[in-house]
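Engineer: Need coordinates for the following:
(chains A and B)
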Amino acid sequence: MRIGVGSVGLATPLGLGLAATMEGWRAGRSGLVDNDRWPTRWFLRADAGLVPGFNPRKQLPDRKAVKLMSRESQLGLWAAVEAAGPRGPDRFDVAADRFAGFAAAGYEVSSLDESEEMLALSRDPQAPGRVALDLLFGPGRDAYNPMAPLKILPNMALFHAASTLDLQGPHLSLGSSPATGLAAAIEACDALSFDEADAVLVLGTDANAEVFRAHQLVEGGVAEHLAPAEGAAALVLRQAVDGDPILLGHAQAQEPPAGPEPRQHYGQISDSRARAALHRAALERAGLRTVDLILADLWGDPARDALVMKGLPDAPVASSRTRFGWLGAAAGTVDLAIACELVRSGEVGSVLVSAAGLAGDLACVIVGAP
Amino acid sequence: MSREVWVTGVGIACALGSDVEAVAEAQREGRSGAVHLSSAFDTSAFPVLAACRVPGWNLQARLGELAAPLAGRDDRKAEFGWYAAVQALRDAFGSDEAARQCFAELGPRGAVHLASGLVSTTIAEAEADLLPCFDGDRYDHDRAATALREPSPFRARHFTDRVNHLIAWRYGVGGRSLVNHGACAAGAVAIGLGARWIRRGQCDVVLAGGYESMIHPFGVLSFQMLGALSERQDCAPSEVSRPFDVSRDGFVIGEGGAVLVLEDAERARARGARCWGKVLGLGTSLDAYRITAPPPDGRGAVSAMRGALREAGMDPSDIDYINAHGTGTPLNDAAETAAIKRVFGGRGQAPPVSSSKSGLGHAVAAAGAVEAVLSLLALRDGIVPPTLNLHRPDPACDLDNVPLVAREAPLKAVLSNSFGFGGVNGSLVLGGAS
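Structural biologist: The predicted structure is shown next:
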């Protein structure tokens, strides 16, 4: 079965929506702006990749539900609705229980507002550095929003997309590396090929421009090279019909550790062999020797990027990371969505999208013209 | 999809023990793993009595030098995952070196798929990493600048691919490596999808399972405020979890980890591996309804169970026992019963149905994996495990729920249900070794 991409939704630092993102992409713009979400004097950099013009209360279908959503769920729902709204099964003429949802979403941490609320509730007035359980569990907890923890359950982005679009088919919720969006797309190809679904919404979403996510970027060694960023992409995969970009080949792998002690090599890579093998496998599966364009996992770190480049086939290379910032779990899906539009518009015949997680998980998808 | 999938290694840590045979014995004898929640932290101001903690947990004592990467991180859930993975690999291959050799030979045909849940902040982490960033009740960005310059052992807790990373480091797994975040269904989905990779011919060996621990103040507070936890105080901890009973009022929080080594049967036979049982089918579905409640018609659960049977090539009459999701919340047990009846028929037609959560609590993201191991042990031992504390069956839960005492019965196939917050459902069909 040939797997096609029936539609795409995007919310990126280049713009809200597919058209705005692609206009910015073609113009060669950067999506990085001064970070006005929080004072950045403590952080390693002052810029961020923020989705412009996104107002969830005005732009999402259910204003009441917005308050139950984290930023990544809001962005994910926007992209999902653009790709498959208002009701996916009707738009694609598929039964609801045959329309699947496969999602990649980011690390879950509470928003600053909710953390302030929780810590205000529990802080020991006699010892400000300590949590007082009698206060945390005391009558004051009634003021705390009991639904708040549900915002950060890692499968909530998929829940909101599925309940809004009425997707009742198989599900997969993955987290939280840039490769997981591509992994979700690869699993979706299999679900279609093995007749487990007739259509799959592949969703990738993340919101790293929140304060506590930024803490994690410091810990993961990302912040030195890439700005914190937010964004989402959604693609509807189905048996290809005329005009659909085709997912021609794919591969997944785990990069070998970079050193003898695991703590020291989180986020680092040691050589390019696993990546080279990954790309060879995907090209072989696609029946191609090379592609017209590669969207690669380049960070702007010369030493790291040199190793990444060494593992790529011979073709022109671009990277969204340095234009969008660290999109985390959304990165692979955003790149794949852009690749699909470049193919659909005829600008290129084939694109290889490659992504890697901090733990060394690798994924690669090749999209091409019908 | 023709290849058979064997389970050739098992690792488990749950409230019933951290050794698979101890867990099997506790299941046969109908023991509960519940203890006072106050054994974990001060609950004098908290209205929850019980928790199902892994007893006597000490990773260093269990894994020696392999515990070092997680030492001092207050990351109990990752400890369970790492421990279960190591145990499963040693069980399947005999030694760490043999496991490593296996994955070196397999390259990209060896894979990992582990379920992990919400990483809520622990008290130690809050005090070390968050409170120093606050001035009074407000986050102070200047203070954060100082605090974040200091290394913290706790921040890495939030990287949920940590255990996958350790497995790659220690055993050199070279194929796909995924973290499943499918809430309470995640463990079942991780195992079922891992088996599909083998069945489809994409992998030969897959390490699959799940791990979880939310038995800390911020973790349990969330569940309690949602009304999901039992607040019963008038009994012993072991009597709090009461699935299918008319007096049930919520679940007891559990924790643990369970990991299976899944292997292509032909490969396993050729190397003389032991077969714990077979993974025969997975069904998943989305409710597309509400975050914390299933649809009244149970359509998502029905779809998941039928999907699992379809993939296994079985009829409902082929299933000898159903290991229910069976949380003990009023809504879940009634809706699950209704869904089972739609697929299997009513009492007399449907097979026996029991809930492991009556004895080991709800291990959330790990639940599906832990209960898959318990189902494999039931198949091996020829018993239908009991539902503990089921003295007064709810008329809305009118199936054969195997009250109080295990029942001897030859089992060939078991269906294990896992349904989660956010309307995600997963059902697994497991078969015996013979």
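Engineer: So what's the residue count around the nearest residue to A:V66 once chain neighbours are set aside?
Structural biologist: Among residues not flanking A:V66 along the chain, A:P56 sits closest, at 4.8 Å (C-beta to C-beta, 6 or more residues apart in numbering or on different chains). In short, each C-beta sits where N, CA and C put it, glycine included. Using other C-beta atoms under 10 Å in any protein chain shown, A:P56 is surrounded by 17 other residues.
Engineer: In contact with A:P56, which residues?
Structural biologist: A:V66, A:M69, A:Q74, A:W78 (C-beta atoms under 8 Å, 6 or more residues apart in numbering or on different chains).
Engineer: how near is it to chain B?
Structural biologist: Per C-beta to the nearest C-beta, to the nearest Å, A:P56 is found 17 Å from chain B.
Engineer: most distant residue from the middle of the chain?
Structural biologist: Since you didn't name a chain, this refers to chain A. A:Q126 (42.9 Å; C-alpha atoms, centre = their mean).
Engineer: The chain in question should be chain B.
Structural biologist: In chain B, by C-alpha atoms, centre = their mean, B:D142 is the one farthest from centre (41.4 Å).
Engineer: And chain A, is the helix or strand hosting that residue touching that?
Structural biologist: Here B:D142 is covered by helix B:141-147, with elements defined by DSSP states H and E. Yes: Helix B:141-147 is in contact with chain A by C-beta under 8 Å from any C-beta of the partner chain, via B:H141, B:D142, B:A144, B:A145, B:T146.
Engineer: excluding its backbone neighbours, what's nearest the last one?
Structural biologist: With C-beta to C-beta, 6+ apart as the criterion, B:T146 has its nearest non-adjacent residue at 7.6 Å, and that residue is B:P132.
Engineer: quick one: contacts for the one you found?
Structural biologist: A:G129, B:R143, B:T146, B:A147.
Engineer: Apply 7 Å and report the result again.
Structural biologist: A:G129, B:R143, B:A147 (C-beta atoms under 7 Å, 6 or more residues apart in numbering or on different chains).
Engineer: before we move on, what about A:P313?
Structural biologist: Counting by C-beta under 7 Å, 6+ apart, A:P313 touches A:H279, A:L283, A:T290.
Engineer: distance between the helix holding B:D142 and the chain's centre?
Structural biologist: 38 Å (C-alpha atoms, centre = their mean, to the nearest Å).
Engineer: Same question for stretch A:139-148.
Structural biologist: Using C-alpha atoms, centre = their mean, the offset of stretch A:139-148 from its chain centre is 31 Å.
Engineer: residues making contact with that stretch?
Structural biologist: A:L68, A:E114, A:E117, A:M118, A:L121, B:M225, B:L226.
Engineer: Same question for stretch A:161-169.
Structural biologist: A:61, A:76-77, A:80-81, A:84-85, A:87-89, A:96-101, A:197, A:201, A:203, B:285-286, B:288-289, B:300, B:303, B:423.
Engineer: try 6 Å
Structural biologist: Contacts to stretch A:161-169, defined as C-beta atoms under 6 Å, 6 or more residues apart in numbering or on different chains, come from residues A:61, A:77, A:80, A:84, A:87-89, A:96-101, A:197, A:203, B:286, B:288.
Engineer: Which helix or strand in chain B has the lowest average pLDDT?
Structural biologist: helix B:141-147 (a mean of 80; mean pLDDT, DSSP states H and E).
Engineer: Just to be sure, B:V429 is in a strand?
Structural biologist: Yes: assessed by DSSP: H, G, I helix; E, B strand; the rest coil, B:V429 belongs to a strand.
Engineer: give the contact list for it.
Structural biologist: B:L280, B:G281, B:A308, B:A312, B:L415.
Engineer: State the pLDDT value of the last one.
Structural biologist: Model confidence at B:L415, given as pLDDT, is 98.
Engineer: Among the contacts of A:P56, which are located in strands?
Structural biologist: Judged by DSSP state E, strands contain none of the contacts of A:P56.
Engineer: which one among the residues you listed gets closest to chain B?
Structural biologist: Nearest to chain B among those: A:M69, at 10.5 Å, using C-beta to the nearest C-beta.
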